[in-house]
Structures are given as structure tokens and as C-alpha cells.
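[1] Generate a structure from the sequence data that follows.
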Amino acid sequence: MDLEILSVGPEHAGAVHAVTRVIWTGRVGKTSTVFRETPKTVAAQIRSGGAVLVLDEEDVVGSGRFVMVPGPEGDDGKWMEVKRIGLLPDYTGNDIGAEILHVLEKLGRYRGAGGAQLAVRKDQPRLVEVYLDCGYTLADDVQLTTHNPLAPSPIGMRKWFTEED
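    Predicted structure coming up:
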């Protein structure tokens, strides 16, 4: 599969929003925070951090984004929170999600992030192993920017960036 992962700015928020909605529809409950997002709120997130689109030729088949957040030791705006990595069903299972994560981490490091945090929904336990393989550890103190009080608390994970990353 020959896909391209492109870093995009807030001017692409409509495309990021649209593909995210398609990816999450039918995979998560209707009360998910993803369904309260708009192109305007997605643009604000991209301005706060960054985003990528995954292209198969000219077709958008996935995306991911992050926002800058305080670190676990109170480092104001010095960490990144990874959000909404996803691919259309025909593109899953090929480690593309890990590639999206790697690109997002590079962008976050460029913005000065000392590490990354993320959350895995309780109904997606297989993703915990994926993130463990990518260098993340379990962290029960992760504070999310868009926690859904109507859903079970997610599984927090964290990764400290090192010189080798």
C-alpha cells in the first residue's frame, strides 16, 4: 500500500473533521465527543498542535492530530496529547496507525514537546498493546482535554521523548 502522510494546517480542518466522522461512525457510541466536534473546533485543535491527513492517491483515508498540553510535572504547554488517530476500515491492520503516531510525535517534538500522552477507550484494549510497542507506558494520571463523562474512563498512556526518538 503506497500511502502518503501529510502534515496539514487549520485550513484543512474540514477534511480532518470529515474523515474522522466517517471513521468513528459505527465504531463508537453516539455520545462520543467526536460527534460534538465541528470544523471550527478541529481547526482550533490543529492551531494548538498539529494534524496529518493520510492519502491514497487523492483520496483521504485517515487522519490524526494532537494538541499541546501541560506535562505531567506541570510543564505548561510542553507535552502533546495525541488525538483521533484513525483510518478507514480498508486501511487498518497494516501498521499505518503507528506511522501516523510517529509523524505526529515528530511534529510535537518540533513544537517543543517533552513527551506525549493519549487515552485508549476501554472497548479498544488491543490498542494498549499497540501503544506499548510504540514506547508508551500506562499512566493513570493522564488528564485529557476532551474527556467524555458519559463514557467509562479511558486507559491513559504516556511516553517521555528521548534523544534516540
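[2] next SSE after the longest strand along the chain?
    Longest strand in the chain, counting residues (DSSP state E): strand 59-69. Going down the chain from strand 59-69, the next helix or strand is strand 79-87, by DSSP states H and E.
[3] Summarise which helices and strands the following helix or strand past that next one is packed against.
    Per DSSP H and E, the first helix or strand lying C-terminal to strand 79-87 is helix 96-110. Counting by 3 or more CB pairs under 8 Å, 6 or more residues apart in numbering; DSSP states H and E, the packing neighbours recorded for helix 96-110 are strand 4-8, strand 49-56, strand 59-69, strand 79-87, strand 115-120, helix 126-133. All C-beta spots, glycine's among them, are computed from the backbone N, C-alpha and C.
[4] Go again with 7 Å.
    strand 4-8, strand 49-56, strand 59-69, strand 79-87 (3 or more CB pairs under 7 Å, 6 or more residues apart in numbering; DSSP states H and E).
[5] wait, which of the ones you listed is closest to Tyr110?
    strand 49-56 (8.4 Å; CB to CB).
[6] Just the buried positions in that closest one, please.
    49-55 (16 or more other CB atoms under 10 Å).
[7] Give the other helices and strands that it contacts.
    In terms of contacts (3+ CB pairs under 7 Å, 6+ apart), strand 49-56 is packed against strand 4-8, helix 13-24, strand 59-69, helix 96-110.
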